[in-house]
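>>> got a predicted structure plus its sequence, pasted below:
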Amino acid sequence: MNASERAIGLNFTTKIATVVNLFKTEFPDVKADLKPWLNDPDTLDLVDPDSIDIGFHFPGWSPRYQSRSILVQIRFYHDILEDSYRLIGVDTIGFNHQGQAWRFSTVDQWKCEGKYQPYPDVSEKLKRFSQNVFEIFNLNKK
(Lines give C-alpha, C1' and ligand atoms only; values in the text may rest on other atoms or scores of the structure.)
Protein backbone atom coordinates (compact mmCIF):
# COMPACT_ATOMS: atom_id res chain seq x y z
CA MET A 1 0.00 0.00 0.00
CA ASN A 2 1.24 3.49 -0.74
CA ALA A 3 3.12 4.96 2.22
CA SER A 4 1.08 8.16 1.88
CA GLU A 5 -2.08 6.15 2.61
CA ARG A 6 -0.49 4.38 5.61
CA ALA A 7 0.65 7.65 7.17
CA ILE A 8 -2.33 7.78 9.50
CA GLY A 9 -1.56 8.91 13.01
CA LEU A 10 1.60 10.37 14.40
CA ASN A 11 3.23 7.01 15.18
CA PHE A 12 3.17 5.57 11.63
CA THR A 13 3.80 8.95 10.00
CA THR A 14 6.94 9.46 12.09
CA LYS A 15 8.18 5.96 11.33
CA ILE A 16 7.63 6.39 7.59
CA ALA A 17 9.52 9.70 7.65
CA THR A 18 12.35 8.01 9.55
CA VAL A 19 12.51 5.21 6.97
CA VAL A 20 12.73 7.76 4.13
CA ASN A 21 15.51 9.63 5.92
CA LEU A 22 17.43 6.40 6.60
CA PHE A 23 17.24 5.41 2.94
CA LYS A 24 18.41 8.86 1.87
CA THR A 25 21.32 8.57 4.29
CA GLU A 26 22.48 5.43 2.46
CA PHE A 27 21.54 6.71 -1.03
CA PRO A 28 21.69 10.53 -0.94
CA ASP A 29 20.83 11.10 -4.63
CA VAL A 30 17.35 9.55 -4.49
CA LYS A 31 14.00 11.29 -4.48
CA ALA A 32 11.30 9.64 -2.38
CA ASP A 33 7.88 8.77 -3.78
CA LEU A 34 5.28 8.00 -1.11
CA LYS A 35 2.71 7.02 -3.77
CA PRO A 36 4.47 4.49 -6.03
CA TRP A 37 1.20 2.73 -6.93
CA LEU A 38 -1.66 4.00 -9.06
CA ASN A 39 -5.08 3.92 -7.44
CA ASP A 40 -6.81 2.08 -10.28
CA PRO A 41 -8.70 -1.17 -9.55
CA ASP A 42 -6.22 -3.43 -11.39
CA THR A 43 -3.25 -2.11 -9.43
CA LEU A 44 -5.06 -2.14 -6.10
CA ASP A 45 -5.83 -5.85 -6.57
CA LEU A 46 -2.07 -6.54 -6.62
CA VAL A 47 -1.04 -4.33 -3.71
CA ASP A 48 -0.52 -5.81 -0.24
CA PRO A 49 -2.83 -3.86 2.11
CA ASP A 50 -0.56 -4.68 5.07
CA SER A 51 2.62 -3.20 3.62
CA ILE A 52 4.17 0.24 3.46
CA ASP A 53 5.49 0.86 -0.05
CA ILE A 54 7.90 3.66 -0.89
CA GLY A 55 9.54 4.35 -4.24
CA PHE A 56 12.96 5.95 -4.58
CA HIS A 57 14.17 7.36 -7.88
CA PHE A 58 17.71 8.19 -8.95
CA PRO A 59 18.34 11.13 -11.31
CA GLY A 60 19.25 8.58 -13.99
CA TRP A 61 20.29 4.96 -14.40
CA SER A 62 23.11 4.03 -12.04
CA PRO A 63 25.60 1.30 -12.97
CA ARG A 64 26.60 1.03 -9.30
CA TYR A 65 23.00 0.31 -8.28
CA GLN A 66 22.03 -1.38 -11.57
CA SER A 67 18.74 0.49 -11.40
CA ARG A 68 16.96 3.75 -11.94
CA SER A 69 14.32 3.24 -9.27
CA ILE A 70 14.07 1.21 -6.08
CA LEU A 71 10.84 0.05 -4.46
CA VAL A 72 10.91 -0.62 -0.72
CA GLN A 73 8.08 -2.75 0.63
CA ILE A 74 7.90 -3.01 4.40
CA ARG A 75 5.71 -6.05 5.03
CA PHE A 76 3.56 -6.60 8.10
CA TYR A 77 1.33 -9.29 9.49
CA HIS A 78 -1.95 -7.83 10.73
CA ASP A 79 -3.27 -9.74 13.71
CA ILE A 80 -6.99 -9.01 13.49
CA LEU A 81 -7.78 -10.46 16.92
CA GLU A 82 -5.31 -8.21 18.72
CA ASP A 83 -5.61 -5.41 16.14
CA SER A 84 -1.82 -5.16 15.94
CA TYR A 85 0.86 -5.24 13.27
CA ARG A 86 4.12 -7.18 13.33
CA LEU A 87 6.96 -6.55 10.88
CA ILE A 88 7.72 -9.72 8.94
CA GLY A 89 10.18 -8.46 6.35
CA VAL A 90 11.56 -5.83 4.01
CA ASP A 91 11.67 -6.35 0.26
CA THR A 92 13.76 -3.97 -1.82
CA ILE A 93 13.51 -4.21 -5.60
CA GLY A 94 15.67 -2.40 -8.14
CA PHE A 95 14.19 -1.52 -11.53
CA ASN A 96 15.92 -0.63 -14.79
CA HIS A 97 14.54 0.03 -18.27
CA GLN A 98 13.79 -3.69 -18.69
CA GLY A 99 11.80 -4.05 -15.46
CA GLN A 100 12.94 -5.75 -12.27
CA ALA A 101 16.74 -5.96 -12.21
CA TRP A 102 17.29 -7.40 -8.71
CA ARG A 103 15.62 -8.07 -5.39
CA PHE A 104 16.93 -7.88 -1.82
CA SER A 105 14.71 -9.59 0.74
CA THR A 106 15.03 -10.06 4.47
CA VAL A 107 12.49 -12.88 4.33
CA ASP A 108 15.02 -15.40 3.05
CA GLN A 109 18.79 -14.92 2.84
CA TRP A 110 19.36 -11.16 3.10
CA LYS A 111 21.15 -10.96 -0.26
CA CYS A 112 20.58 -9.54 -3.72
CA GLU A 113 19.26 -11.87 -6.38
CA GLY A 114 18.44 -11.16 -9.99
CA LYS A 115 19.79 -10.79 -13.48
CA TYR A 116 21.55 -7.48 -12.83
CA GLN A 117 23.45 -7.27 -9.54
CA PRO A 118 24.33 -3.99 -7.82
CA TYR A 119 27.86 -3.54 -6.50
CA PRO A 120 28.61 -5.42 -3.24
CA ASP A 121 28.75 -2.20 -1.21
CA VAL A 122 25.18 -1.46 -2.32
CA SER A 123 24.05 -4.83 -0.94
CA GLU A 124 25.69 -3.91 2.36
CA LYS A 125 23.85 -0.58 2.40
CA LEU A 126 20.56 -2.39 1.75
CA LYS A 127 21.31 -4.80 4.58
CA ARG A 128 22.13 -1.96 6.99
CA PHE A 129 19.00 -0.06 5.93
CA SER A 130 16.82 -3.17 6.45
CA GLN A 131 18.28 -3.78 9.91
CA ASN A 132 17.39 -0.19 10.82
CA VAL A 133 13.84 -0.66 9.54
CA PHE A 134 13.48 -3.64 11.87
CA GLU A 135 14.63 -1.45 14.75
CA ILE A 136 12.08 1.25 13.86
CA PHE A 137 9.13 -1.18 13.70
CA ASN A 138 10.23 -3.55 16.49
CA LEU A 139 7.07 -3.11 18.56
CA ASN A 140 3.60 -4.58 17.87
CA LYS A 141 1.97 -1.18 17.57
CA LYS A 142 -0.60 0.05 15.08
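Arrived safely, thanks for sending. Numbering: from 1, shown residues only.

>>> least trustworthy helix or strand in this protein by mean pLDDT?
helix 41-46 (a mean of 57; mean pLDDT, DSSP states H and E).

>>> now do the helices in this structure.
3-6, 10-26, 41-46, 120-136 (DSSP state H).

>>> most tightly surrounded among the ones you listed?
Stretch with highest mean neighbour count among the helices of the chain: helix 3-6 (a mean of 20; mean count of other CB atoms under 10 Å). Every C-beta, even on glycine, is put in place using the N, C-alpha and C of the backbone.

>>> just the mean pLDDT for that helix, thanks.
The average pLDDT within helix 3-6 is 64.

>>> so that it lines up with my notes, have the first residue be 513 from now on.
Taking 513 as the first residue, the last one we looked at is helix 515-518.

>>> kindly reformat the helices of the chain as JSON lines containing distance to Gly572.
Formatted as JSON lines, these follow (distance: least, CB to CB, whole Å):
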{"stretch": "helix 515-518", "distance to Gly572": "24"}
{"stretch": "helix 522-538", "distance to Gly572": "17"}
{"stretch": "helix 553-558", "distance to Gly572": "26"}
{"stretch": "helix 632-648", "distance to Gly572": "16"}
